[in-house]
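K.L.:
Need the 3D shape of this:
(one chain, ligands or ions: 1)
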Amino acid sequence: MGYVLWHVMMSLDGFIAGPDDAMDWVLGYASPNPAVDEVIETTGSVLAGRRSYDVGRRPSQRPEARKVFGGAWSGPEFVLTHRAPDDEDDPTITFLAGDVRPAVATALEAAAGKNVLIIGANLAQQCLGEGLVDEILIHLAPLLLGDGVRLFDRVGAAPIHLEPTSVTQSGQVTNLRFHVVD
Ligand SMILES: NC(=O)c1ccc[n+]([C@@H]2O[C@H](COP(=O)([O-])OP(=O)(O)OC[C@H]3O[C@@H](n4cnc5c(N)ncnc54)[C@H](OP(=O)(O)O)[C@@H]3O)[C@@H](O)[C@H]2O)c1
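P.N.:
As a prediction, this is how the structure comes out:
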């Protein structure tokens with residue numbers, strides 16, 4: 001059985017996107033990273049929030065940026081949204097609505113024994129609040145973005161305890177891995 005992983009690149013001041021969802025800074029730290037390669041190999045399905053999906057489809061995006069891991073991964077992708085678009089022609093993308101619990105169950109089944117990768121802070125926070133995330137992998141970029149989308153806004157009512165499981169360095173990026181205890 002696979003597990004649920006939230007993997008994300010974060011600036012040192014705690015942002016995962018800059019103002020207006022700017023993601024260009026991520027490219028500056030996209031050099032080869034074994035921790036990312038491992039995520040690509042072990043991911044069986046993706047569960048993304050609608051805002052992440054929309055940012056990936058902006059007309060200004062490069063074609064490869066529209067795909068998960070720039071096209072280095074392929075498989076079933078689920079997008080949680082209250083307003084499914086009618087112009088998506090990629091058959092691997094399915095739009096879901098409703099509670100995150102059945103959405104995660106659907107993604108785990110589709111992952112067929114591999115892991116579910118969560119994309120999007122809002123979605124990840126909902127999943128954390130419901131106890132549905134097993135691992136968090138943060139790629140810490142040596143950059144102060146100053147403003148934008150925060151990694152954690154308000155996760156839930158109670159503290160969530162994490163166990164650090166590894167710290168590795170890849171070029172300028174520090175990979176911080178945590179197991180979610182409770
Ligand atoms: N640095 C990184 O590695 C990284 C990775 C991924 C994304 N990002 C960035 O993160 C930002 C997006 O993250 P985010 O936290 O703002 O948003 P998000 O989690 O991607 O998406 C949130 C949206 O998903 C929909 N949604 C969430 N839960 C739902 C539910 N239970 N049922 C139905 N719809 C639901 C809602 O949209 P609707 O109500 O409109 O449908 C909600 O506003 C973007 O700027 C993206 O570029 C950064």
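K.L.:
all contacts plus neighbour counts: C-alpha atoms, from now on.
P.N.:
Noted.
K.L.:
Run through who's touching the helix or strand bottoming out on mean pLDDT in the chain.
P.N.:
When each helix and strand of the chain is scored by mean pLDDT, DSSP states H and E, helix 24-27 comes last, with a mean of 91. For helix 24-27, the surrounding residues in contact (CA atoms under 8 Å, 6 or more residues apart in numbering) are residue 9.
K.L.:
Only C-alpha atoms, please: export that helix in PDB.
P.N.:
Taking Å, rounded to 0.1, in the frame of the first residue of the first chain, the C-alpha atoms of helix 24-27 are listed here in PDB:
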ATOM      1  CA  ASP A  24       9.600  31.400 -12.000                       C
ATOM      2  CA  TRP A  25      11.900  31.300  -9.000                       C
ATOM      3  CA  VAL A  26      11.500  27.500  -8.700                       C
ATOM      4  CA  LEU A  27      13.300  27.100 -12.000                       C
END
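K.L.:
can you tell if the helix or strand following it touches the ligand?
P.N.:
As assigned by DSSP states H and E, the chain's next helix or strand after helix 24-27 is helix 34-42. No - residues of helix 34-42 contacting the ligand under CA under 6 Å from any ligand atom: none, with a closest distance of 10.9 Å.
K.L.:
about what we covered before: mind checking how far the least confident helix or strand of the chain is from the chain centre?
P.N.:
Offset of helix 24-27 from its chain centre (CA atoms, centre = their mean, to the nearest Å): 15 Å.
K.L.:
For it, list every residue counted as buried.
P.N.:
Within helix 24-27, the residues scored as buried using 16 or more other CA atoms under 10 Å are residue 26.
K.L.:
just stretch 101-111 next, same as before
P.N.:
103-104, 106-111.
K.L.:
For these, could you give me a markdown table that also reports distance to the ligand?
P.N.:
Converted to a markdown table, the buried residues of stretch 101-111 look like this (distance: CA to the nearest ligand atom, whole Å):
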| residue | distance to the ligand |
| --- | --- |
| 103 | 8 |
| 104 | 10 |
| 106 | 13 |
| 107 | 14 |
| 108 | 16 |
| 109 | 18 |
| 110 | 18 |
| 111 | 19 |
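K.L.:
This protein against the ligand: which residues are in contact?
P.N.:
8-10, 16-17, 21, 23, 48-52, 55, 80-83, 97-100, 119-123.
K.L.:
wait, residue 164 sits on residue 175?
P.N.:
No - in this structure, residue 164 is not within contact of residue 175 by CA atoms under 8 Å, at 11.0 Å.
K.L.:
Disregarding flanking residues, what is the spatial nearest neighbour of the residue positioned nearest the centre of the chain?
P.N.:
Centrality entry for the chain: nearest residue to the mean C-alpha point is residue 119, 2.5 Å, by CA atoms, centre = their mean. In space, residue 119 comes closest to residue 48 once its chain neighbours are excluded; the distance is 4.5 Å by CA to CA, 6 or more residues apart in numbering.
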